[in-house]
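Enquirer: need coordinates for the below:
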Amino acid sequence: MRALVITASNRASAGIYEDESGPLLADLLRQAAGCEVDGPVVVPDGDPVESALRKGLADGYDVIVTTGGTGVTPMDLTPEMTSRVISREIPGIAEAIRLANREKVPTSILSRGLAGQAGKTLIVNLPGSSGGVRDGVAVLAPILRHTVEQIQGGDHPR
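Expert: Model (predicted):
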């Protein structure tokens, strides 16, 4: 499975601080889900996220996972950019990610991240924190291959 990691961060893209969640996400997708990973591509939140998603689709990635931009601040626009690109939501994935560690991190339910399908590509938004990335990949890893196979027209195993 070919995966692309996109980090949505105004400050990391401006060089104010180093992106930490993107490299962590790429490593976890390699280790836990067996993906061949490109990125992270670091972009400011907003329209550049949509552009990066569309480029990833054009490049034929099986899965694109974003980190960052899912909160409730006025600058958190990754879900809005993702909704411009996906054709179908897969709400159960986003719901499971929000609930993954809710007991320890009650604010995890504030993430507005989406999961959905764009053509034959799965797109998932994860929070920008390292904990949110770890929790998100813990949810994704066991279902990722099956989900991608289904999106790409595979049948259910019998």
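Enquirer: show me where the chain has strands.
Expert: Taking DSSP state E as the test, the strands found in the chain are 2-8, 36-43, 63-67, 88-89, 115-118, 121-126.
Enquirer: can you say which of the ones you listed is packed in most?
Expert: The densest packing among the strands of the chain, expressed as mean neighbour count by mean count of other Cβ atoms under 10 Å, is seen in strand 63-67 with a mean of 30. Every residue, glycine included, has its C-beta placed from N, CA and C.
Enquirer: specify the beta-bridge partners of the residue most central in space within the chain.
Expert: Among the residues of the chain, the one closest to the centroid is residue 65, at 2.7 Å (Cα atoms, centre = their mean). Per DSSP bridges, the residues bridged to residue 65 are residue 5, residue 124.
Enquirer: closest to residue 145 out of the strands of the chain?
Expert: strand 63-67 (9.6 Å; Cβ to Cβ).
Enquirer: helices or strands next to the closest one in the packing?
Expert: strand 2-8, helix 21-33, helix 47-58, strand 121-126, helix 130-151 (3 or more Cβ pairs under 8 Å, 6 or more residues apart in numbering; DSSP states H and E).
Enquirer: could you dump the ones you listed to CSV with mean pLDDT?
Expert: Written out in CSV, the entries for the helices and strands packed on strand 63-67 read as follows (pLDDT from 0 to 100):
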stretch, mean pLDDT
strand 2-8, 98
helix 21-33, 98
helix 47-58, 98
strand 121-126, 98
helix 130-151, 96
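Enquirer: between those, which gets nearest to residue 106?
Expert: Distance to residue 106, taken as Cβ to Cβ, is lowest for helix 130-151 among the helices and strands packed on strand 63-67, at 12.6 Å.
Enquirer: buried ones in stretch 83-101, by neighbour count?
Expert: Residues of stretch 83-101 classed as buried by neighbour count (16 or more other Cβ atoms under 10 Å): 85-86, 90, 93-94, 96-98, 100-101.
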